[in-house]
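> Here is a sequence together with a model predicted from it:
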Amino acid sequence: MTDQPDDDLVPVSVRLGEVVPPEDPEDWTKPLTWVAAAGMLLGPLAALGWFVAARPGSDVLTLGTWLLACAVAVGAVLTAATQQGSLRAWTATVAAALFSALGVIILGAAFAGERQVGAASPTLAHGFGAAIAGLAGAACASAAAALAARARRLVRLVLPGTLAGGVAALVLGLLNGLA
């Protein structure tokens, strides 16, 4: 005796051998979808450009590290500015920052070259420091993004973006003092 699945439990599209797309797929023709994606990718694209063009040679903070930290933080705010509602703005800021920071760290490891024992390569050290500072900036800006969620889009971008960049720069300075 074989166990046949009950026809009522199997969706019609599966029974007919055809997969039906979801009713409301993400619409990639809308400009805000591209802006949200660009915000999430701002940090990794900045890291890729920096590591390809002029890979850092030492662990000393450079302008590229500061810009990379701000790109992670401000990119997350750019993604949040496309969202409607406080909860969505807050979660979009945090999620975009986590995605961007992970991308920056992965690129730092990929461009590390040879493995070093006892010390991180300069690309990984700069990428990690910038990712941590950018995450801190985006975490502070997430509250501002949630509070400004009902404001005009420019206000949703400028106020949290300024806070994100400032906190990212402050945290990167503090991390530099610890090293």
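Here it is on my side, so go on. Numbering: from 1, shown residues only.
> can you give me the helices for the chain?
Here the chain has its helices, by DSSP state H, at 12-15, 31-53, 63-80, 86-110, 122-147, 153-178.
> List the residues that contact residue 132.
Residues in contact with residue 132 (C-beta atoms under 8 Å, 6 or more residues apart in numbering) are 101, 171, 175. For every residue, glycine as well, the C-beta is placed using N, CA and C.
> cool, residue 78 as well?
35, 36, 38, 39, 42, 96, 157, 161.
> hmm, try it at 10 Å
Shown in contact with residue 78 (C-beta atoms under 10 Å, 6 or more residues apart in numbering): 35-36, 38-40, 42, 71, 92-93, 96, 156-157, 160-161, 164.
> and these, which are buried?
Taking 16 or more other C-beta atoms under 10 Å as the criterion, what is buried in the contacts of residue 78 is 36, 39-40, 42, 71, 92-93, 96, 156-157, 160-161, 164.
> any idea which helix or strand of this structure has the worst average confidence?
Lowest by mean pLDDT, DSSP states H and E among the helices and strands of the chain is helix 12-15, with a mean of 55.
> quick one: which two of the buried ones among the contacts of residue 78 are the most distant?
In these, two members sit farther apart than any others by C-beta to C-beta. They are 71 and 156, at 18.5 Å.
> number of nearby residues for residue 123?
The number of residues packed around residue 123, counting by other C-beta atoms under 10 Å, is 21.
> doesn't residue 108 make contact with it?
Yes: between residue 123 and residue 108 there is a contact at 4.6 Å, judged by C-beta atoms under 10 Å.
> Name the residues contacting each of those two.
By C-beta under 10 Å, 6+ apart, the residues touching both residue 123 and residue 108 are 47, 50, 51, 56.
> Most neighbours out of those residues, which is it?
Neighbour max across the shared contacts of residue 123 and residue 108 (other C-beta under 10 Å) = residue 47, 29 neighbours.
> What distance do you get for that residue to residue 67?
In this view, residue 47 and residue 67 are 10 Å apart by C-beta to C-beta, to the nearest Å.
> shared neighbours of the two, which are they?
residue 130.
> What is the end-to-end distance of stretch 59-67?
End-to-end span of stretch 59-67 (C-alpha to C-alpha, to the nearest Å): 15 Å.
> could you give the mean pLDDT of it?
The pLDDT scores in stretch 59-67 average 86.
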